[in-house]
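Colleague: return a 3D structure for these sequence lines:
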Amino acid sequence: MQTQPIAVQVARLMDKGKRQASLEDVPGWDAGRLQDARVVVAGAGALGAEIARQLALSGVGRLLIADAVGVTSEDIGSSGMFRFEDLGMPRAYLVRSRLQALCPDLRAHALSESPLSLGSGVVRNADLVVASDCVPRARLALDRWCRKTGRPWIDASSGVYHGQFRVLRATTGACLECGMPDGVRKALTTALPAAVGTAPLAVPATIAVVAGLISQTALRLLCPVEGLPDATGREYLYNGHATQVTAQALSRRHDCDHPDPPAVLEGPWSGETRLIELLDAARNALGADAALEFDRPIAWRLTCDRC
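Modeller: Predicted coordinates:
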């Protein structure tokens, strides 16, 4: 491919008003689709921050970054997104700020809370969820919300010289729980909610490679290319010592009882809607025997022993 003169390249970038203008020459690149895409990044440590950066640089237009942890020394040692003066600061807000400075046209939102605070409504409004180095309890919740809403998601983790990620979708068979022993599944189901985990130190090269593989897979999910195999239902393992990537299919447990995504009833409800109002709406739509079922504890009354 013949390289255009520098003056022509600069003029084109200024005309487009964004750094992704040159990517529009890539065959099959759907810049408009990426600009409209909504991606939730759960976990904004070194790996999650680098994934978010690569997605933003690729032209993904909308990101929601959820993370309840402050910047750690491990984050600073593994990622150029964090600086020494950031130690202890909320990672979600810092990543959002750095990304918007890098890509001014990006619409990024930060939630300095555990991914457990997202809920199925946020997941349903996303095109893709990417979770990095989240604790098992949060991963389990994300898996259930994505199954319920039919959204694909990537479950990723990293180590010093290695990384792995699973690409899951409700319609492709295996879920996150299919790969868990019975005792672990039961413990996670009854455990109290927890925040994003703190990942072990990983060398920057490992973070860059694993984040690149995950981001490339995310782009395939957001903009499917005809002729390429489906990436969902598979686990990918990166071995930095051998510079090797292997993939294996995920098998569904014979006793997996998770149904296909149910039909969704939409209405003018929000977090301000009272439980009795929601129950009345359900009974009006589904019948007098309708009941409300939540995937988390609900506080419905507070009392004071001294009053």
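
Colleague: return the set of buried residues in stretch 145-157.
Modeller: Neighbour-count burial for stretch 145-157 flags 145-149, 151-157 (criterion: 16 or more other CB atoms under 10 Å). No exception for glycine: its C-beta is placed from N, CA and C like everyone else's.

Colleague: any chance of those in a markdown table, plus secondary structure and distance to Val95?
Modeller: As requested, the buried residues of stretch 145-157 are arranged in a markdown table below (DSSP: H, G, I helix; E, B strand; the rest coil; distance: CB to CB, whole Å):
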| residue | secondary structure | distance to Val95 |
| --- | --- | --- |
| Trp145 | helix | 22 |
| Cys146 | helix | 22 |
| Arg147 | helix | 27 |
| Lys148 | helix | 27 |
| Thr149 | helix | 24 |
| Arg151 | coil | 22 |
| Pro152 | coil | 22 |
| Trp153 | strand | 19 |
| Ile154 | strand | 17 |
| Asp155 | strand | 19 |
| Ala156 | strand | 16 |
| Ser157 | strand | 18 |
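
Colleague: from the residues you listed, which single one is nearest Cys178?
Modeller: Closest approach between those and Cys178, by CB to CB: Arg147, at 11.1 Å.

Colleague: for that closest one, give its distance to Arg220.
Modeller: Remark: distance between Arg147 and Arg220 (CB to CB, to the nearest Å) = 20 Å.

Colleague: quick one, strands of the protein?
Modeller: Listed in chain order, the strands found in the chain under DSSP state E are 38-42, 62-66, 107-111, 128-132, 153-158, 162-168, 234-239, 244-249.

Colleague: need the contact partners of the second one.
Modeller: The set of residues external to strand 62-66 that reach it, using CB atoms under 8 Å, 6 or more residues apart in numbering, is 36-44, 48, 52, 55-56, 92, 95-96, 99, 106-111, 113-115, 117-118, 122, 126.

Colleague: just the buried residues of the residues you listed.
Modeller: Neighbour-count burial (16+ other CB under 10 Å) applied to the contacts of strand 62-66 gives 37-44, 48, 52, 55-56, 92, 95-96, 99, 106, 108, 110-111, 114-115, 117-118, 122, 126.

Colleague: follow-up on the earlier one: of the strands of the chain, which is nearest Gly28?
Modeller: For the strands of the chain, distance to Gly28 was read as CB to CB. The smallest value, 18.3 Å, belongs to strand 128-132.

Colleague: where does this protein have low pLDDT?
Modeller: Along the chain, the parts satisfying pLDDT under 70 run over 1-22, 172, 181-200, 257-259, 261, 295-296.

Colleague: for it, which helix is longest?
Modeller: In the chain, with assignment by DSSP state H, the single longest helix is helix 204-222.

Colleague: export it to CSV, keeping only CA atoms.
Modeller: What follows is helix 204-222 as a C-alpha-only set of coordinates in CSV (Å, rounded to 0.1, in the frame of the first residue of the first chain):
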residue,chain,number,x,y,z
PRO,A,204,3.6,-4.9,31.2
ALA,A,205,4.2,-7.1,28.2
THR,A,206,1.8,-9.7,29.5
ILE,A,207,-0.9,-7.1,30.1
ALA,A,208,-0.4,-5.7,26.6
VAL,A,209,-0.5,-9.1,24.8
VAL,A,210,-3.5,-10.4,26.8
ALA,A,211,-5.4,-7.2,26.4
GLY,A,212,-4.7,-7.2,22.7
LEU,A,213,-6.1,-10.7,22.3
ILE,A,214,-9.2,-9.8,24.3
SER,A,215,-9.7,-6.5,22.4
GLN,A,216,-9.4,-8.2,19.1
THR,A,217,-11.9,-10.8,20.1
ALA,A,218,-14.3,-8.1,21.4
LEU,A,219,-14.1,-6.4,18.0
ARG,A,220,-15.0,-9.7,16.3
LEU,A,221,-18.1,-9.9,18.5
LEU,A,222,-19.1,-6.3,17.9
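
Colleague: packing partners of it?
Modeller: helix 31-36, helix 46-58, helix 73-78, strand 128-132, strand 153-158, strand 162-168, strand 234-239 (3 or more CB pairs under 8 Å, 6 or more residues apart in numbering; DSSP states H and E).

Colleague: could you spell out the sheet neighbours of the fourth one, each with its direction?
Modeller: Paired neighbours of strand 128-132 in the sheet (DSSP bridges): strand 38-42 (parallel), strand 153-158 (parallel).
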